[in-house]
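Q: the sequence and its predicted three-dimensional model are supplied below.
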Amino acid sequence: MTTQTSTATAPSSSFSKDFFASIVVFLVAVPLCLGIAIASGLPPTAGIITGIIGGIIVGSISGSPLTVSGPAAGLVVIVADIVAEFGIAVYGIIVLLAGGVQILAGVFKLGVWFRAISPAVIHGMLGGIGILIIGSQFHIMLDRDPLSSGIKNLLDIPNGLLETFESHGGNIYAASIGLLTIISIVLWTRFAPARFKLIPGALIGVVLSVIVANVFGFDIKYLTDLFDGPTDLQNILGTIIIPHMGTVEASMTAGVLVAVISLAFIASAESLLSCAAVDQMHQGQRTKYDRELMAQGIGNAICGFLSALPMTGVIVRSSANVEAGATSRASTIMHGTWLLLFISIFLFTLEYIPVATLAGVLVYTGYKLAYPKVAKELLAYGKPELAIYIITIITIVSFNLLAGVITGLALSIAKLLYVFSHVSIKAEHIPNSQQTILHLKGSATLLGIPKLVSVLDKLDVGRDISVQFDDLEYIDHACIELINGWQKQYQLTGGKVTIEWDSLISKYHTKEAAAING
């Protein structure tokens with residue numbers, strides 16, 4: 001384990017750095033917690049509750065001290081689908097059980113396996129989620145209700161714009177507030193002075209939009225319009241639905257089980273990938289992946305019990321934490337404390353925050369997720385990786401998140417099987433001579449024996465054959481035996497066979513080298 005460079009720092013200096021970082025993370029977290037909750041079909045404060053649990057509880061026991069946990073934009077689609085299909089009461093049970101699955105995965109040390117998912121699938125999943133977020137939140141940014149599917153939301157965007165500008169159903173003021181939010185985030189991100197870069201663009205956008213909307217008295221939806229009563233702590237606590245045995249027994253269906261596994265899988269993958277990214281941003285303690293899985297599971301079990309949003313390790317808040325100079329988990333815990341203070345004392349501010357401004361934040365977040373900058377990187381690893389990425393996105397947008405992820409995983413496995421079973425053998429006949437060079441490329445396994453036999457059997461007798469392995473990645477015992485046996489038989493016909501075993505032996509351990517020589 002790498003020792004964190006900050007251990008030499010004086011305690012007072014470390015605390016001041018963590019304190020400042022916690023304020024920055026809190027300011028980033030507030031608009032995201034509120035917006036993600038709205039996008040998921042839950043009360044705005046459900047996101048704040050998850051942020052509190054992720055900061056104070058998970059932050060205290062996590063396997064990645066500088067990773068911040070809380071509501072994730074990557075879970076918006078699956079949470080919204082679960083809420084719409086099963087209702088809030090069963091939704092809480094699903095999140096609770098998903099947390100239990102994560103705890104068991106950590107106990108059985110499965111953390112590393114979540115990191116074995118193909119990057120093409122992960123990026124495709126995030127890209128598909130980003131497109132779906134843009135589709136749904138674009139309508140909310142116009143004070144319209146989103147439609148029932150991602151495709152419908154995307155196709156209805158032109159109609160929503162027409163309605164807005166023709167004043168037949170949209171709200172030009174809400175659209176202006178959403179647009180102001182997005183423009184503010186973009187301009188602040190690109191042109192903010194270096195000394196102020198740590199102030200999050202989302203906060204700047206929300207503050208400006210709140211000021212404009214309230215100074216000019218825009219008749220648009222505000223967060224308090226999403227509550228069935230006053231936005232005081234008593235009413236907020238009334239939104240919490242504790243699961244009871246009757247609901248638990250009624251929810252034991254195949255559909256619920258699929259939802260539990262899907263949520264646990266996607267939340268775990270996103271958390272551990274965020275932790276891996278955070279590890280690359282600092283020189284301190286490395287992530288303990290199984291401990292992180294268990295911490296996330298405990299957090300989600302509590303969130304499910306309170307019917308709050310599920311959580312993951314989130315890269316936006318985590319990167320803000322590292323860049324702000326955090327040295328320990330104290331910054332994460334303190335950010336949770338500030339969220340608790342917000343929900344206890346400052347809930348009155350919700351009546352001044354337009355729904356459109358938080359939708360604007362999420363439209364920008366969706367754009368960042370969907371922006372295909374990763375496509376060029378994937379292409380460097382071959383066209384199949386890019387194809388998996390694109391197909392995963394298309395499947396998610398066309399059907400649903402689970403179908404897209406399963407499709408991407410299936411394609412990744414198919415590619416892996418192809419790589420380990422595909423071998424090409426090319427016979428190069430040297431003009432005006434009896435010499436032939438056989439080039440083997442790929443992976444020579446027993447699955448490739450029919451192809452090898454087909455080429456070897458077609459060679460004319462009596463030639464001088466040279467077998468080369470320069471481009472061969474792997475060869476198994478069955479193919480070694482085949483080539484050795486063919487060499488002996490071919491030489492009995494009067495031909496000569498030279499096999500360049502030396503170029504291959506260096507790739508294998510002693511026993512395999514002995515098998516090749518044997």
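A: Sure thing, it's come through.

Q: strands along this structure, start to end?
A: If you assign secondary structure with DSSP state E, the strands in the chain sit at 68-70, 312-314, 423-429, 435-444, 464-475, 496-499.

Q: which residues touch the third one?
A: Yep, that's strand 423-429 we're talking about. Applying Cβ atoms under 8 Å, 6 or more residues apart in numbering, the external contacts of strand 423-429 come out as 435-445, 448, 451-452, 455-456, 458-459, 472, 479. Backbone N, C-alpha and C define where each C-beta goes, glycine included.

Q: do a quick rundown of the helices in the stretch 351-500 of the chain.
A: 355-370, 374-379, 383-398, 401-421, 449-457, 477-491 (DSSP state H, counting those that start in this stretch).

Q: again, but for the stretch 201-350 of the chain
A: Using DSSP H, counting those that start in this stretch, the helices of the stretch 201-350 of the chain run over residues 201-215, 233-238, 245-250, 254-279, 289-305, 315-323, 330-345.

Q: tell me which residues in the fifth one are buried?
A: Judged by neighbour count using 16 or more other Cβ atoms under 10 Å, the buried positions of helix 289-305 are 289-290, 292-305.

Q: any quick PyMOL command for the buried ones out of the contacts of strand 423-429?
A: With 16+ other Cβ under 10 Å as the burial test, the buried ones among the contacts of strand 423-429 are selected in PyMOL as follows:
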select buried, resi 436+437+438+439+440+441+442+443+444+445+448+452+456+459+472+479
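
Q: nearest to residue 483 among the buried residues of helix 289-305?
A: Nearest to residue 483, judged by Cβ to Cβ, of those is residue 289 at 41.9 Å.

Q: quick one: that closest one from residue 280, how far?
A: Taking Cβ to Cβ, to the nearest Å as the criterion, residue 289 is separated from residue 280 by 15 Å.

Q: and residue 443, by the same measure?
A: According to Cβ to Cβ, residue 443 stands 31 Å off from residue 280.

Q: follow-up on the earlier one: nearest to residue 336 among the helices of the stretch 351-500 of the chain would be which one?
A: When the helices of the stretch 351-500 of the chain are compared by Cβ to Cβ, helix 355-370 sits nearest residue 336, at 20.4 Å.

Q: tally of neighbours for residue 419?
A: Here the count is done by other Cβ atoms under 10 Å, and residue 419 has 14 residues near it.

Q: also the one 10 residues further on?
A: Burial measure for residue 429: 12 neighbouring residues, criterion other Cβ under 10 Å.

Q: what residues are bridge-paired with it?
A: Legend: beta-bridge partners of residue 429 under DSSP bridges are residue 436.

Q: show me where pLDDT drops low in this protein?
A: For the chain, the stretches with pLDDT under 70 are 1-12, 167-170, 228-239, 245-246, 503-518.

Q: where do the domain boundaries of it fall?
A: 11-373, 422-517 (automatic domain parsing).

Q: who touches residue 34 in this structure?
A: Contacts of residue 34 were listed using Cβ under 8 Å, 6+ apart, and they are 44, 45, 47, 48, 223, 350, 353, 358.

Q: mind giving me the PyMOL select for those, buried ones only?
A: Of the contacts of residue 34, the buried ones go into a single PyMOL selection, burial set by 16+ other Cβ under 10 Å:
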select buried, resi 44+45+47+48+223+350+353+358
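
Q: which one of the contacts of residue 34 is nearest to residue 413?
A: Lowest distance from residue 413 to the contacts of residue 34 (Cβ to Cβ) belongs to residue 47, with 35.2 Å.

Q: thought that closest one was touching residue 41?
A: No. Assessed by Cβ atoms under 8 Å, residue 47 is found out of contact with residue 41, at 11.7 Å.

Q: next up, the contacts around the closest residue to residue 405 other than its chain neighbours.
A: Distances taken as Cβ to Cβ, 6 or more residues apart in numbering place residue 125 nearest to residue 405, at 5.6 Å, with adjacent residues excluded. Shown here is residue 125, whose contacts under the criterion Cβ under 8 Å, 6+ apart are 74, 266, 269, 392, 396, 401, 404, 405, 408.

Q: neighbour-wise, which one of those residues leads?
A: Comparing the contacts of residue 125 by number of neighbours (other Cβ under 10 Å), residue 392 comes first, having 29 neighbours.

Q: check contacts around that one.
A: Going by Cβ under 8 Å, 6+ apart, residue 392 touches 120, 121, 124, 125, 127, 128, 404, 405, 407, 408, 411.

Q: now for those: which two are most distant?
A: Greatest spatial distance in the contacts of residue 392: 127 and 411, 14.9 Å, computed using Cβ to Cβ.

Q: and those two? Which one has more around it.
A: Taking other Cβ under 10 Å, residue 127 and residue 411 do not tie; residue 127 has more neighbours (25 against 22).

Q: which residues are in contact with that one?
A: For residue 127, the contacting residues are 369, 370, 372, 374, 389, 392, 393, by Cβ under 8 Å, 6+ apart.

Q: also residue 391?
A: Residues in contact with residue 391 (Cβ under 8 Å, 6+ apart) are 124, 407, 408, 411.

Q: and what of residue 241?
A: Applying Cβ under 8 Å, 6+ apart, the residues near residue 241 are 88, 89, 92, 307.

Q: and those residues, which are buried?
A: 89, 92, 307.

Q: give me the distance between the two termini of stretch 212-227.
A: The first residue of stretch 212-227 is 23 Å away from its last residue (Cα to Cα, to the nearest Å).

Q: quick one on the thing from earlier: need the contacts of residue 34 in JSON lines (columns: distance to residue 25).
A: Formatted as JSON lines, the entries for these read as follows, by distance: Cβ to Cβ, whole Å:
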{"residue": "44", "distance to residue 25": "19"}
{"residue": "45", "distance to residue 25": "18"}
{"residue": "47", "distance to residue 25": "15"}
{"residue": "48", "distance to residue 25": "14"}
{"residue": "223", "distance to residue 25": "21"}
{"residue": "350", "distance to residue 25": "20"}
{"residue": "353", "distance to residue 25": "19"}
{"residue": "358", "distance to residue 25": "18"}
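
Q: could you list every residue that touches the residue nearest to residue 101 when sequence neighbours are not counted?
A: Using Cβ to Cβ, 6+ apart and skipping the chain neighbours, the partner closest in space to residue 101 is residue 264 (3.9 Å). Each residue near residue 264 by Cβ under 8 Å, 6+ apart is listed here: 98, 99, 101, 102, 105.

Q: again, 6 Å this time
A: Neighbour list for residue 264: 98, 101, 102 [criterion: Cβ atoms under 6 Å, 6 or more residues apart in numbering].

Q: then residue 171?
A: By Cβ under 6 Å, 6+ apart, the contact set of residue 171 is 143, 220.

Q: repeat that with 8 Å
A: When contacts are taken as Cβ under 8 Å, 6+ apart, residue 171 is in contact with 142, 143, 144, 164, 219, 220, 356.

Q: farthest pair in the residues you listed?
A: Taking Cβ to Cβ, no two of the contacts of residue 171 sit farther apart than 144 and 219, at 15.0 Å.

Q: between those two, who's got more neighbours?
A: Each of residue 144 and residue 219 had its neighbours counted (other Cβ under 10 Å), and the higher figure belongs to residue 144 (19 against 10).
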